[in-house]
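S.K.: need a structure here:
(chains A and B)
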2 protein chains.
Amino acid sequence: METVQIQAEKRSYPVIIGEGLRYQLGDVLQETAAGKSRFLLVVDEAVEALYRRETESQLARLLPVSTYVMPSGEGSKSVTELARLWEFAAEKEMDRKSVFVALGGGVAGDLTGFAAAGYMRGVDYIQLPTTLLAQDSSVGGKTGINLNAGKNLAGAFHPPLAVIYDIQTLHTLPDAEWRSGFAEMIKHAYLDGESFLQDLKARVQSVEDMKSPEVASWIRRSIEVKARIVEEDEREQGVRAFLNLGHTLGHALEKELGYGRITHGEGVAAGLWFALALSNDEGVGHWDLGKEKKWLESLGYPMDAPGELSAATLVESMKRDKKTSHGNIHYVLLEEPGKPRKAKVEEDTIRQLLDRYYK
Amino acid sequence: METVQIQAEKRSYPVIIGEGLRYQLGDVLQETAAGKSRFLLVVDEAVEALYRRETESQLARLLPVSTYVMPSGEGSKSVTELARLWEFAAEKEMDRKSVFVALGGGVAGDLTGFAAAGYMRGVDYIQLPTTLLAQDSSVGGKTGINLNAGKNLAGAFHPPLAVIYDIQTLHTLPDAEWRSGFAEMIKHAYLDGESFLQDLKARVQSVEDMKSPEVASWIRRSIEVKARIVEEDEREQGVRAFLNLGHTLGHALEKELGYGRITHGEGVAAGLWFALALSNDEGVGHWDLGKEKKWLESLGYPMDAPGELSAATLVESMKRDKKTSHGNIHYVLLEEPGKPRKAKVEEDTIRQLLDRYYK
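M.R.: Numbering: from 1, shown residues only, chains lettered A, B, ... in the order given. Here you go, the predicted structure:
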């Protein structure tokens, strides 16, 4: 069991990582539940059959539990599902001292966290991530849902009370989920520096390699990278924007293809590589683009542009991204591993580079 | 022009009160708009014809403006309207430096404030209240919408950048709005002490009396009462609950009759009087209930129970109110003017008193 303590603006909270933690929730959460009234457990329907019963019985050792089952998939990050969850909470008489608990992947965490942020003007919540992608999204207090106009356009900064990461649950994940989650880990490695990145490149050359026993330590390291950045800038006024590496194009791809057509991590991996290309083009980096691409391709990330999307469409989508300000596109470039920087990039430059590199 | 400065947790903001301030918005908001990108003006359709044009042209002196017209009435404090507003903001390319502006009554302020709190994880907003009720709701940073299960069950603490109160706009209000807004003023007088309360009782014996030239000073005084309490306890952990005086029964009446059947202020006035009755019953106060009732009746507040609602229904509704905690009903009682106290009251006591006093 390893713990990374995250210092948020208003409180500090632990991310606890370990094998089989779901069987010890009653003990692990004992202090956290003190003075609280009830649990509202939100379970993704894909993990319901696997983990609901054990989680409920552990939580019930501490407080009364009501369980809400949400549909799987990015579609649940919607206003409709948010409203359903709020009404359910009210029906079950959740009060201001109730605690929401998200059991599932990033979608469960994002929806439940935002629902908690807005229920009775804010109640607490706990994350029980069951996917690899959630090693990223459960840390840092960002919650949110998608609008028709774009991903995560509605949301709140609302740090959890605790994140309990039972990495045994990763073993039931399909390859697509491993690949999607691992992309954020790779992003953290690029942001961290040569050592973490070389370690991953040396040990991981296929999806099977991702499922190494070392994954627990990679997760811890990845969380530490993110924690260091988030602690410095919780509300994304400055360095937190570095975590957006790979996401400008990534979000545009997800949005324009329609959520679900590619995974989040596939979008991020494509965006990560394009950020390296843009870094070279802007004279900031000296990346061996062929070599970087080859590694990402070996892990199964699709590195070529989906034929149906034009560069112009993707740039328009980027402009609507919430990281845009005053109509400029802010891009995270990378000088070398561990050396990100923010830059304002002209629309035209991005459009031309997309046409040149990303086909 | 009078200014009350409110100290919120994260910032201090001015409430500026004066005649014809809408014609000076461009000047008054000049500093506030510095470094911002765009305005999203949200106008209640009932005030659109009256104030939209002038407000838009004043705001446009500072930044580009997009205007969203929302339907009038409590029905707009809904998830549906929230989602529409969010999508509109995204369509109009509002970014993180955009500022939402609410022009209208409490509904416009509550909806716009909550939309701002959740848009891109929080953008700023300004209140331009046009009703008397908004002298209450625009101060203190509470925003929110209603759920099917109850009033203001979803929301956020999100203080505005500024509140600009053009009291000329009060002159176009119908009597029902004066009465509704004045109830919160009366509540503040009961919370403040003998002097403010005696002043109101002496000078206001009818709706016409409310429209006195002195209303600007009463508004300022009322805002000061609220500001003093909110500054001490923004997040309603302690004394802020005093502002709930009259609202426990008030909310239950609004909810069970269906929003719109009685005004918010009518519910509060009835609840205020019932809180005095409960204070006597609990041995906390020594109110001349007949005299208090007579004054409130003279102002046109309906002080008798609507026949169709049973005491049991009202108590069940109170239990679902978000101020409930661990299933107890927390009530604000009043010893004498200026001396509120919180008490946990048994369901049965409330049920019996409703049957006895409130018929």
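S.K.: What degree of burial does the residue nearest to residue A:274 when sequence neighbours are not counted show, as a neighbour count?
M.R.: Nearest non-adjacent residue to residue A:274, counting by CB to CB, 6 or more residues apart in numbering or on different chains: residue A:249, 4.9 Å away. Quick note: C-beta positions are derived from backbone N, CA and C, even for glycine. Residues lying near residue A:249 (other CB atoms under 10 Å in any protein chain shown) number 27.
S.K.: tell me which element residue A:249 falls in.
M.R.: Taking DSSP states H and E as the definition, residue A:249 sits inside helix A:247-257.
S.K.: In that helix, which residues are buried?
M.R.: Within helix A:247-257, the residues that qualify as buried are A:247-256, counting by 16 or more other CB atoms under 10 Å in any protein chain shown.
S.K.: Dump those residues into a markdown table; add pLDDT as well.
M.R.: Listed next are the buried residues of helix A:247-257 as a markdown table, based on pLDDT from 0 to 100:
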| residue | pLDDT |
| --- | --- |
| A:247 | 94 |
| A:248 | 94 |
| A:249 | 94 |
| A:250 | 94 |
| A:251 | 89 |
| A:252 | 92 |
| A:253 | 92 |
| A:254 | 88 |
| A:255 | 85 |
| A:256 | 90 |
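S.K.: and of these, the nearest to chain B?
M.R.: Using CB to the nearest CB, residue A:255 comes nearest to chain B of the buried residues of helix A:247-257, at 11.4 Å.
S.K.: That closest one and residue A:263, how far apart?
M.R.: Distance of residue A:255 to residue A:263, computed by CB to CB, to the nearest Å: 14 Å.
S.K.: what do you get for residue A:237?
M.R.: Counting by CB to CB, the gap from residue A:237 to residue A:263 is 29 Å.
S.K.: Who has more neighbours out of the two?
M.R.: Counting neighbours by other CB under 10 Å for residue A:237 and for residue A:263 shows that residue A:263 has the greater number, 21 against 9.
S.K.: For the more buried one, which non-adjacent residue is spatially closest?
M.R.: The shortest distance from residue A:263 to any non-neighbouring residue, by CB to CB, 6+ apart, is to residue A:180 (3.8 Å).
S.K.: so that neighbour, which of the three states?
M.R.: Assigned by DSSP: H, G, I helix; E, B strand; the rest coil, the conformation of residue A:180 is helix.
S.K.: Any chance you could list what contacts the helix or strand of chain A with the lowest mean pLDDT?
M.R.: One helix or strand of chain A scores below all others by mean pLDDT, DSSP states H and E: helix A:134-137, with a mean of 81. The contact list for helix A:134-137 (CB atoms under 8 Å, 6 or more residues apart in numbering or on different chains) reads A:104-106, A:109-110, A:127, A:129, A:165, A:181, A:184-185, A:188, A:219, A:222-223, A:226.
S.K.: quick one: which of these is nearest chain B?
M.R.: Nearest to chain B among the contacts of helix A:134-137 is residue A:110, at 11.4 Å by CB to the nearest CB.
S.K.: Looks like that closest one contacts residue A:77 (just checking).
M.R.: Yes: between residue A:110 and residue A:77 there is a contact at 5.7 Å, judged by CB atoms under 8 Å.
S.K.: Give the residues shared as contacts by the two.
M.R.: In contact with both residue A:110 and residue A:77: A:144-145, A:152, using CB under 8 Å, 6+ apart.
S.K.: Any chance of JSON lines for those, columns distance to chain B, neighbour count and secondary structure?
M.R.: Shown next, in JSON lines, are the shared contacts of residue A:110 and residue A:77 (distance: CB to the nearest CB, whole Å; neighbours: other CB atoms under 10 Å in any protein chain shown; DSSP: H, G, I helix; E, B strand; the rest coil):
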{"residue": "A:144", "distance to chain B": "7", "neighbour count": "25", "secondary structure": "strand"}
{"residue": "A:145", "distance to chain B": "9", "neighbour count": "25", "secondary structure": "strand"}
{"residue": "A:152", "distance to chain B": "8", "neighbour count": "20", "secondary structure": "strand"}
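S.K.: Just the closest of those residues to residue A:160, please.
M.R.: Nearest to residue A:160 among those: residue A:144, at 13.9 Å, using CB to CB.
S.K.: Grab the nearest non-local neighbour of the closest one.
M.R.: Using CB to CB, 6+ apart and skipping the chain neighbours, the partner closest in space to residue A:144 is residue A:155 (2.4 Å).
S.K.: Please apply the same query to residue A:54.
M.R.: Once flanking residues are discounted, residue A:54 sits nearest to residue A:22: 5.6 Å by CB to CB, 6+ apart.
S.K.: list the contacts for that neighbour?
M.R.: Going by CB under 8 Å, 6+ apart, residue A:22 touches A:51, A:54-55, A:58, A:128, A:164, A:166, A:168-169.
S.K.: And for residue A:258, the neighbour number?
M.R.: Residue A:258 has 9 neighbours, counted by other CB under 10 Å.
S.K.: shaky segments in chain A?
M.R.: Chain A contains residues with pLDDT under 70 at A:259, A:322-327, A:359.
S.K.: Would you map out the domains in it?
M.R.: Following automatic domain parsing, chain A resolves into domains at A:2-172, A:175-357.
S.K.: quick one, what contacts residue A:203?
M.R.: Residue A:203 makes contacts with A:209, A:212, A:214, as judged by CB under 8 Å, 6+ apart.
S.K.: mind listing the strands in chain A by residue range?
M.R.: Assigned by DSSP state E, chain A shows strands spanning A:2-7, A:12-18, A:39-44, A:65-70, A:99-104, A:124-129, A:142-147, A:150-157, A:162-166, A:329-334, A:340-345.
S.K.: Residue numbers of the stretch 101-250 of chain A in contact with chain B?
M.R.: Residues of the stretch 101-250 of chain A lying close to chain B by CB under 8 Å from any CB of the partner chain are A:114, A:117-122, A:142, A:144, A:147-150, A:153-157, A:235-236.
S.K.: Type out the PyMOL command that picks the buried ones from those residues.
M.R.: Restricted to buried positions by 16+ other CB under 10 Å, the PyMOL selection for these reads:
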select buried, chain A and resi 114+117+118+119+120+121+122+142+144+147+149+150+153+154+155+156+157+236
